[in-house]
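**Q** Whatever this is, show me its structure:
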Amino acid sequence: MTSKSPGRNFLFGKSERKLRREIPQFLKNEISVKSSAGTPNKVVLVGHKISAELDIMEKIGIDLRDQNFFSIEGILNIPTITKGLGLPFSQPPSLGRVLQYLDIPFENRYLHNAGNDAHFTLRALLMLATIAFGRMDLNDDFRARIKDLKMIALEPIDFDSQTPDAVLLDESAKKAAHRGLGRELATKPADDWWGSSEDESLGTMLFD
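**A** The predicted structure is shown next:
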């Protein structure tokens, strides 16, 4: 994966590009899903070095304090948790270092992709939870639940059989080129994207 195509190696679904002007409403729709009672669902934001993402959200008009849309219960930052658990990192670790320490299966070539990083960040959170709860005096039922969390976090990934998003999009790209859309996309004004001169959308920058 190169910096010019950060969305092309997504392993767990299909990438979507969003224009900058579309991002605020898209995020509101994703985060502010209502409960069956019609009230905002309780949301916990999880990220790795998440302050950058929070700054971006503020700049594009997402006010997480707006209780009409959001009910943010907490913000979990992976480096803060590793520090709180006393894990052996001399400075805030990269996501890759955290995954390696926790024995979570990953490959470096698939990191720095928003979707993949989100997936692996949640796996890291589950493993960190097992470490934290493992230091507590818990009953057998709770320990069984923690064991299940660990199994999810460490579930193997057959990277050789995964089909990166680039492959899934290849045929669509060819068809677009034949229709003459390739040139149109390549020359789209940089202002349509979030601070990029290389056709990179905000969606591919979140959680990098």
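
**Q** domain parsing for the chain?
**A** 18-76, 94-161 (automatic domain parsing).

**Q** And those domains: which comes nearest residue 12?
**A** Counting by Cβ to Cβ, residue 12 lies closest to domain 94-161 out of the domains of the chain; the figure is 5.4 Å. Any C-beta I mention is one placed from the backbone N, CA and C, and that applies to glycine too.

**Q** so how far is that closest one from its chain's centroid?
**A** What separates the centre of domain 94-161 from the centre of its chain is 14 Å, taken as Cα atoms, centre = their mean, to the nearest Å.

**Q** distance between the ends of it?
**A** 26 Å (Cα to Cα, to the nearest Å).

**Q** what does stretch 28-41 give?
**A** 12 Å.

**Q** which parts of that stretch are buried?
**A** Neighbour counts over stretch 28-41 (16 or more other Cβ atoms under 10 Å) mark 28, 31, 32, 40 as buried.

**Q** hang on, the earlier thing: just the domains of the chain: most buried one?
**A** Ranked by mean neighbour count under mean count of other Cβ atoms under 10 Å, the domains of the chain are led by domain 94-161, which reaches a mean of 16.

**Q** still on that earlier bit, just the buried residues of stretch 28-41: which are in helices?
**A** Cross-referencing those against helices under DSSP state H gives 28, 31.

**Q** would you turn the domains of the chain into a markdown table with mean pLDDT?
**A** Shown next, in a markdown table, are these (pLDDT from 0 to 100):
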| stretch | mean pLDDT |
| --- | --- |
| domain 18-76 | 82 |
| domain 94-161 | 94 |
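
**Q** can you give me the strands in the chain?
**A** For the chain, applying DSSP state E gives strands covering 42-47, 71-77.

**Q** Distance to residue 10 added to the ones you listed, as TSV?
**A** Converted to TSV, the strands of the chain look like this (distance: least, Cβ to Cβ, whole Å):
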stretch	distance to residue 10
strand 42-47	17
strand 71-77	23
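
**Q** in the protein, which spans are helices?
**A** For the chain, the helices defined by DSSP H cover 23-31, 51-59, 78-84, 95-101, 114-134, 140-153, 165-178, 181-186.

**Q** which helices and strands sit right next to the fourth one?
**A** In this structure, helix 95-101 makes packing contacts with helix 78-84, helix 114-134, judged by 3 or more Cβ pairs under 8 Å, 6 or more residues apart in numbering; DSSP states H and E.

**Q** returning to that earlier point: for residue 85, find the nearest of the domains of the chain.
**A** Nearest to residue 85 among these is domain 94-161; the distance by Cβ to Cβ comes to 5.8 Å.

**Q** I'd like the distance between the most centrally placed residue in the chain and residue 146.
**A** Residue closest to the average C-alpha location in the chain (Cα atoms, centre = their mean): residue 118, at 2.2 Å. Distance, residue 118 to residue 146, using Cβ to Cβ, to the nearest Å: 23 Å.

**Q** which residues sit in contact with the residue nearest to residue 119 when sequence neighbours are not counted?
**A** Once flanking residues are discounted, residue 119 sits nearest to residue 12: 5.4 Å by Cβ to Cβ, 6 or more residues apart in numbering. Contacts for residue 12 (Cβ atoms under 8 Å, 6 or more residues apart in numbering) come out as 115, 116, 119.

**Q** Okay, residue 12 and residue 115: tell me how far apart.
**A** 6 Å.
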